[in-house]
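Undergrad: Pasted the sequence and its predicted model underneath.
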Amino acid sequence: MLFGLSLPLAFVESGTWLLFVVVVAISGRSLRLMGVDMLVYHGAYTRDERLDRDGT
């Protein structure tokens, strides 16, 4: 997590704040999409078998 924060903060210190905003916006969007994906497809069926069948 700290490595992920160090990249955008390096852009801020170098004066390219717009690039920082773009990186943060893309990162935030991808995190939101992963969260939605986990909520929608949790326990979904794949190849006619549940993902959590038999505790695996």
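TA: Ah, there it is.
Undergrad: Flag the shaky bits of the protein, pLDDT-wise.
TA: 1-15, 43-56 (pLDDT under 70).
Undergrad: in the top helix by length along it, what counts as buried?
TA: Counting by DSSP state H, the longest helix found in the chain is helix 17-41. Residues of helix 17-41 classed as buried by neighbour count (16 or more other CB atoms under 10 Å): 20, 23. Any C-beta I mention is one placed from the backbone N, CA and C, and that applies to glycine too.
Undergrad: Give me the helices and strands touching it, please.
TA: Here helix 17-41 touches helix 2-13, going by 3 or more CB pairs under 8 Å, 6 or more residues apart in numbering; DSSP states H and E.
Undergrad: And V24, how far from V40?
TA: 25 Å (CB to CB, to the nearest Å).
Undergrad: Revised request: answer the last question for F20.
TA: 31 Å.
Undergrad: do I26 as well
TA: Taking CB to CB, one finds I26 at 21 Å from V40.
Undergrad: cool, and V22?
TA: In terms of CB to CB, V22 sits 27 Å off from V40.
Undergrad: now swap in T16 and tell me
TA: For T16, the distance to V40 - CB to CB - is 36 Å.
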